[in-house]
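Asker: what's the 3D shape of this:
(2 chains)
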Amino acid sequence: MNITVLFLREWRVLIRNRAAMINPIVFMFLAVMLFAVGSPLQDNTRALYGGAVLWLIVLLTNMLSLDSLFRRDFDNGTLEQMMVTADVPLLAVLVKIIVQWLGTGFLMVLLSPLLCLFLGLPGTAIAKTALLLLAGTPALSLLGAVGAAMTVGFARGGVLLGLLVLPLFLPVLVFGASAVSSEVAGISANAQLYWLAFMSMVALLIGPFATTAGLKISLQL
Amino acid sequence: MLLSLNQLVCTREEQPLFEPLTMQLVAGHCVELLGPNGAGKTTLLRTLAGLYSQFEGAYDCPDFLFQGHPMGLDELMSPLENLAWFAGLEGHTFTDERAADLLREVGMINFALTPCQQLSQGQQRRVTMARWLLSDAKLWLLDEPYTSLDKDGQVLLNALLSRHCDNGGAVLAATHMPLQVVDKGELPLRPAQVSA
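Answerer: Take a look at the predicted model:
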């Protein structure tokens, strides 16, 4: 099995299927804008809630892009070829998840300074927020892929995917939101940062196995 | 030995789909899997490929290529890129010249760089045939290989199957149209006696 070739293919799909990457990001910006427009302008409560809103929107955006993670491959049969032919299907699955993360989680890290400004977070919190997203979003992609794998067999799996996956995202939301509010209050959020990184590590241990198992179940027609 | 079945029965909701199968397939043989619609041909092939786990009995199928109903081609990528991806999946080295030779052989060289979504079903079938030739696998498990192929395509398919068998490969194909291959065997699926 040649990992580079597999990466190349996923990368090409990401570039050619731009709508699948751009639509969730546009949704994210719209949601942030709506929050910015709807919240009171004067007081600094926006900064208080900003962290929670930021992470909530990140969660929902990630969930939106997860549905398309295996859908096309399932429909056109490349998924069954991948599971049948690859020596280690787990690695092929992991490659797909990593590229999905590059198109969502990593993109959010790059765009997070803009999001922070829209949400009224202080400039001092911007760098740390980006770091927190970098530590926390891999967990979202890795855990979300499990739900995506299990629902890919259903034609309308979108809502079910949300019900399965959002509870799994809860710890990331708790630590992420608390970290941003500590940063805003001037307290170091290193503890939460390490927790988020830890969650991503655990997700890396469990996620690919569970995703591969989920895909095997979904392919039993 | 490329394939051996020992009292193999695929089941669905605990009900057997066909009578137990026992057979062995050695290199150089081409076997047609026969049976009416719903007899379990696709299910049997998916079982052998490891995609279906409700069965009783045993089978051994060490080195195979599986072509199911979906083509297994990414519609956003060209035939050439699809072949490169498959070669990477199988883990052998791949050169554009080799791919070009294969695509020329199946008559798709003029579409080597066209995204597969712009190809017709029959053209996509031809690209999948190039993939079989690219594969190192000895045993081909094919589900309805004639689907959407034109006359020339069917002739080509028969020639490829014969050549694969002559080169020490074997074929198990579910089909309703008889394969035009000399010395072919038949594996009929008989409906199981439903127990009361």
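Asker: Phi, psi for B:Glu23 please.
Answerer: Quick fix: residue B:23 reads Met, not Glu. Note on B:Met23: its backbone torsions stand at phi -160, psi 160 [degrees, to the nearest 10].
Asker: who does the helix or strand bottoming out on mean pLDDT in chain A touch, helix- and strand-wise?
Answerer: Sorting the helices and strands of chain A by mean pLDDT, DSSP states H and E puts helix A:45-66 at the bottom, at a mean of 87. Contact analysis of helix A:45-66 by 3 or more CB pairs under 8 Å, 6 or more residues apart in numbering or on different chains; DSSP states H and E lists helix A:18-38, helix A:89-103, helix A:105-118, helix A:126-151, helix A:158-184 as its packing neighbours. From N, CA and C alone the C-beta is placed, and that goes for glycine too.
Asker: 6 Å instead, please
Answerer: Judged by 3 or more CB pairs under 6 Å, 6 or more residues apart in numbering or on different chains; DSSP states H and E, the packing partners of helix A:45-66 are helix A:18-38, helix A:126-151, helix A:158-184.
Asker: Tell me what angle it forms with helix A:158-184.
Answerer: In terms of direction (axes from the mean of the first three to the mean of the last three CA atoms, to 10 degrees), helix A:45-66 departs from helix A:158-184 by 150 degrees.
Asker: Quick check: buried residues in helix A:45-66?
Answerer: Within helix A:45-66, the residues scored as buried using 16 or more other CB atoms under 10 Å in any protein chain shown are A:46-47, A:49-66.
Asker: now for the helices and strands packed on helix A:45-66, which one comes closest to A:Lys216?
Answerer: helix A:126-151 (8.7 Å; CB to CB).
Asker: what about B:Asn110, how many neighbours?
Answerer: If you count neighbours by other CB atoms under 10 Å in any protein chain shown, B:Asn110 ends up with 9.
Asker: Can you give me the distance of it to chain A?
Answerer: 21 Å (CB to the nearest CB, to the nearest Å).
Asker: give me every residue that touches the closest residue to A:Val180 other than its chain neighbours.
Answerer: Leaving aside its sequence neighbours, A:Val180 sits nearest to A:Gly51 (CB to CB, 6 or more residues apart in numbering or on different chains; 2.6 Å). A:Gly51 makes contacts with A:Ala177, A:Val180, A:Ser181, as judged by CB atoms under 6 Å, 6 or more residues apart in numbering or on different chains.
Asker: wait, which of those residues is closest to A:Asn76?
Answerer: For the contacts of A:Gly51, the closest approach to A:Asn76 (CB to CB) belongs to A:Ala177, at 38.9 Å.
Asker: That closest one against A:Leu54, yeah?
Answerer: No. Here A:Ala177 does not reach A:Leu54: they are 7.8 Å apart, not a contact under CB atoms under 6 Å.
Asker: pLDDT at the closest residue to A:Asp87 other than its chain neighbours, what is it?
Answerer: Spatially, and ignoring its direct neighbours in sequence, A:Asp87 is nearest to A:Met1 (4.8 Å; CB to CB, 6+ apart). pLDDT for A:Met1: 82.
Asker: Contact residues of chain A facing chain B?
Answerer: Contact residues, chain A versus chain B (CB under 6 Å from any CB of the partner chain): A:1-2, A:5-6, A:9, A:13, A:16, A:76-78, A:81, A:84-86, A:219-220.
Asker: Please identify the helix or strand for residue 71.
Answerer: I went with chain A, as the question did not name one. Using DSSP states H and E, A:Arg71 falls within helix A:68-76.
Asker: got the angle for that helix vs helix A:18-38?
Answerer: Between helix A:68-76 and helix A:18-38, the angle comes out at 150 degrees (the same axes, to 10 degrees).
Asker: in helix A:68-76, what's buried?
Answerer: A:Ser68, A:Leu69, A:Phe70, A:Arg71, A:Arg72, A:Asp73, A:Phe74, A:Asn76.
Asker: List the residues that contact the fourth one.
Answerer: This points to A:Arg71. A:Arg71 neighbours (CB under 6 Å, 6+ apart): A:Val152.
Asker: again, but for the first one
Answerer: Contacts were defined as CB under 6 Å, 6+ apart; by that measure A:Ser68 touches A:Ala20.
Asker: what do you get if the cut-off is 8 Å, keeping everything else the same?
Answerer: Applying CB atoms under 8 Å, 6 or more residues apart in numbering or on different chains, one finds that A:Ser68 lies in contact with A:Asn17, A:Ala20.
Asker: rewinding a little: out of the buried residues of helix A:68-76, name the two that are farthest from one another.
Answerer: A:Leu69 and A:Asn76 (14.1 Å).
Asker: rewinding a little: the least confident helix or strand of chain A: how far from the chain's middle?
Answerer: How far helix A:45-66 lies from its chain's middle: 11 Å, per CA atoms, centre = their mean, to the nearest Å.
Asker: now it and helix A:89-103, what's the angle there?
Answerer: Using the same axes, to 10 degrees: helix A:45-66 against helix A:89-103 is 140 degrees.
Asker: Restricting to C-alpha, output helix A:45-66 in PDB.
Answerer: This file holds the C-alpha atoms of helix A:45-66, laid out as PDB (Å, rounded to 0.1, in the frame of the first residue of the first chain):
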ATOM      1  CA  THR A  45     -20.800  40.300  27.500                       C
ATOM      2  CA  ARG A  46     -20.000  39.400  23.900                       C
ATOM      3  CA  ALA A  47     -16.400  38.600  24.900                       C
ATOM      4  CA  LEU A  48     -17.800  36.500  27.800                       C
ATOM      5  CA  TYR A  49     -19.900  34.300  25.500                       C
ATOM      6  CA  GLY A  50     -17.600  34.500  22.500                       C
ATOM      7  CA  GLY A  51     -15.600  31.500  23.500                       C
ATOM      8  CA  ALA A  52     -18.600  29.200  23.900                       C
ATOM      9  CA  VAL A  53     -20.200  30.500  20.700                       C
ATOM     10  CA  LEU A  54     -17.000  30.000  18.800                       C
ATOM     11  CA  TRP A  55     -16.600  26.400  19.800                       C
ATOM     12  CA  LEU A  56     -20.300  25.600  19.300                       C
ATOM     13  CA  ILE A  57     -20.000  27.000  15.700                       C
ATOM     14  CA  VAL A  58     -16.800  25.000  15.100                       C
ATOM     15  CA  LEU A  59     -18.600  21.800  16.300                       C
ATOM     16  CA  LEU A  60     -21.600  22.400  14.000                       C
ATOM     17  CA  THR A  61     -19.400  23.300  11.000                       C
ATOM     18  CA  ASN A  62     -17.400  20.100  11.500                       C
ATOM     19  CA  MET A  63     -20.500  18.100  11.700                       C
ATOM     20  CA  LEU A  64     -21.800  19.600   8.400                       C
ATOM     21  CA  SER A  65     -18.700  18.500   6.500                       C
ATOM     22  CA  LEU A  66     -18.600  15.000   8.100                       C
END
